[in-house]
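Chemist: Next input, structure requested:
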Amino acid sequence: MNDKPIPSSELIINDDGSVFHLHILPEDLADIVIMMGDPGRVGTIAALFDTIELDKHSREFHTITGTYNGKRVTAMSHGIGTDNIDIVMTELDALANIDFKTRLPKEEHRRLTILRIGTCGATQPDIPLGSYILSHISVGFDGVLNWYKGGEGISMGDFEEAFIEHMEWPSRLGTPYFVRASETVIDKFRDWTIKGMTVSAPGFYGPQGRSVRLELTIPDLIGKLESFEHEGYRITNIEMESSALAGMSRLLGHDAATLCLAIANRHVKESNPDYKPMMAHLLKSALDALTA
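Modeler: As a prediction, the model looks like this:
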């Protein structure tokens, strides 16, 4: 264990004792964390809580902690992109496992259960709008995990090699990585979700194969993703956060996975912007599964 205090430049703690970006205290954090990109969605899930003890806003980060089914739960928004996941995961782990007074890691590791709930675009023609896709494997186009030592130890090298060859991956884009979600979390949702292999893109347009005015480096990105298969897995959907969440949670010793509602199908070029009722149902179902 590190015996030197973490400098204030590396872990910024606010004057009120809260962590820098999230602006919450260590005691504000429950062992079960439900994360979502949209700050407005935090209120939707918190409306289901039996009690509420905390409600804090900071930038795009909205956190509500309360109880449901007799268990303490934290609902939190993380904003958009894997860069935000890098912030949120680092600060969640610090809240759980760093003593803010001594700035030293705690002797006993606290393991969080984290579920990200979001929206996505399906990449396979047989996945209908409204499907629930659980990311058993995440494919990082973002590169966040590559910045941390140990990432190569949890990534899936055989999948990466097959994918790079299949996609004829341009070297200037950086190396994609594959990482598994927590089996502990997967087991809670296995029976009513689609087994997913999910791409996390570092953008909504070009990195997801959308061309508005600019030409793309991989013009047929969706077609190539759809045709990739390896060891019984195929690319099922695209979103923007699951890879960093799966990778960082494994390195930090937490159980995490991403569960998405398909609101578009990129193969058949259909979308459903009126998805809020389906999302509300998914939030309730996920909350029940996590607290059962």
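
Chemist: At which residues are the helices of the stretch 151-292 of the chain located?
Modeler: Taking DSSP state H, counting those that start in this stretch to define them, one finds helices in the stretch 151-292 of the chain at 151-154, 157-167, 183-189, 221-227, 242-252, 276-291.

Chemist: Just say which of these is most tucked in.
Modeler: Among those, ranked by average contacts under mean count of other CB atoms under 10 Å, first place goes to helix 242-252 (a mean of 27). Bear in mind the C-beta positions are built from the backbone N, C-alpha and C, glycine included.

Chemist: Residues touching that helix, excluding its own?
Modeler: Judged by CB atoms under 8 Å, 6 or more residues apart in numbering, the contacts made with helix 242-252 from elsewhere in the structure are 35, 82, 85-86, 89-90, 93, 97, 112, 114, 116, 135, 138-142, 144-145, 148, 150-151, 154-155, 177, 179-182, 198, 200, 255-258, 260.

Chemist: among these, which are in strands?
Modeler: 35, 114, 116, 135, 138-140, 177, 179-180, 198, 200, 255-258, 260 (DSSP state E).

Chemist: before we move on, the earlier item: out of the helices of the stretch 151-292 of the chain, which comes closest to P5?
Modeler: Taking CB to CB as the measure, the helices of the stretch 151-292 of the chain were each checked against P5, and helix 242-252 came out nearest at 19.1 Å.

Chemist: What's the mean pLDDT across the closest one?
Modeler: Per-residue pLDDT over helix 242-252 has a mean of 98.

Chemist: Use 791 as the first number from now on
Modeler: Taking 791 as the first residue, the last one we looked at is helix 1032-1042.

Chemist: Just give me how far that helix sits from the chain centre.
Modeler: 8 Å (CA atoms, centre = their mean, to the nearest Å).

Chemist: Need the CA coordinates for it. PDB is fine.
Modeler: This file holds the C-alpha atoms of helix 1032-1042, laid out as PDB (Å, rounded to 0.1, in the frame of the first residue of the first chain):
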ATOM      1  CA  SER A1032     -19.100   1.700 -21.200                       C
ATOM      2  CA  SER A1033     -15.500   0.900 -22.100                       C
ATOM      3  CA  ALA A1034     -13.900   3.300 -19.600                       C
ATOM      4  CA  LEU A1035     -16.400   2.300 -16.900                       C
ATOM      5  CA  ALA A1036     -15.700  -1.400 -17.400                       C
ATOM      6  CA  GLY A1037     -11.900  -1.000 -17.600                       C
ATOM      7  CA  MET A1038     -11.400   1.500 -14.700                       C
ATOM      8  CA  SER A1039     -13.800  -0.400 -12.400                       C
ATOM      9  CA  ARG A1040     -11.800  -3.600 -12.900                       C
ATOM     10  CA  LEU A1041      -8.500  -1.900 -12.300                       C
ATOM     11  CA  LEU A1042      -9.900  -0.200  -9.200                       C
END
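
Chemist: Could you find the residue nearest the spatial middle of the protein?
Modeler: For the chain, the residue sitting closest to the mean C-alpha position, by CA atoms, centre = their mean, is S1032 at 3.6 Å.

Chemist: show me the contacts for the residue lying closest to it once chain neighbours are set aside.
Modeler: Setting aside the residues directly before and after it, S1032 is nearest to T1048 in space (CB to CB, 6 or more residues apart in numbering), at 3.7 Å. For T1048, the contacting residues are 905-908, 924-925, 928, 971, 988, 1029, 1031-1032, 1035-1036, by CB under 8 Å, 6+ apart.

Chemist: Can you check these and name whichever has the most neighbours?
Modeler: With neighbours defined as other CB atoms under 10 Å, the most crowded of those is S925; it has 35 neighbours.

Chemist: Check the spacing between L902 and K978 real quick.
Modeler: For L902, the distance to K978 (CB to CB, to the nearest Å) stands at 14 Å.

Chemist: what stretches of this structure score poorly on pLDDT?
Modeler: Within the chain, the segments meeting pLDDT under 70 span 791-792.
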